[in-house]
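Asker: just a sequence and a predicted model for now, questions to come.
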Amino acid sequence: MRITDKNMEILAFIKSYWKENYSSPTVYDIRDHFKMASLSSAHGHVRRLREAGYLKDVKKRHSVVPADMVVTFSSKEALKRAGVKI
């Protein structure tokens, strides 16, 4: 699957949001930040990033984590503080 420059911009936004808030942005946040016309556009970008392996699903409902950030958490305790159910 081809990843576009816009996909990479959205991934950078998700990473930045995660670092700042310890949670993933909603698709509403993504849509609003990038001034997208529809929610389905934001869903499509997240889906492509997930399918390409840039995002991983977590047990918390409707949440994704940047794949390369998963390894930055060194303990289960850090994940729990971030609100991720393990």
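Answerer: Yes, it's here. Numbers count the residues shown, from 1 in each chain.

Asker: buried sites along the host helix or strand of Ala42?
Answerer: Assessed by DSSP states H and E, Ala42 sits inside helix 39-51. Going by neighbour count (16 or more other CB atoms under 10 Å), the buried part of helix 39-51 is 42, 45-46, 48-49. Glycine gets a C-beta too; all of them are placed from N, C-alpha and C.

Asker: the lengthiest helix in the chain vs helix 39-51, what angle?
Answerer: Secondary structure of the chain read by DSSP state H shows that its longest helix is helix 5-21. With axes from the mean of the first three to the mean of the last three CA atoms, to 10 degrees defining the directions, helix 5-21 sits at 80 degrees from helix 39-51.

Asker: quick one: low-confidence residue ranges for this structure.
Answerer: Counting by pLDDT under 70, the chain shows low-confidence ranges at 58-82, 84-86.

Asker: now do 90
Answerer: Scanning the chain with the threshold set as pLDDT under 90 gives 1-3, 18-26, 50, 53-86.

Asker: grab the nearest non-local neighbour of Ser23.
Answerer: Nearest residue to Ser23, sequence neighbours excluded (CB to CB, 6 or more residues apart in numbering): Gly83, at 5.7 Å.

Asker: try Ile30
Answerer: Nearest residue to Ile30, sequence neighbours excluded (CB to CB, 6+ apart): Ala42, at 4.2 Å.
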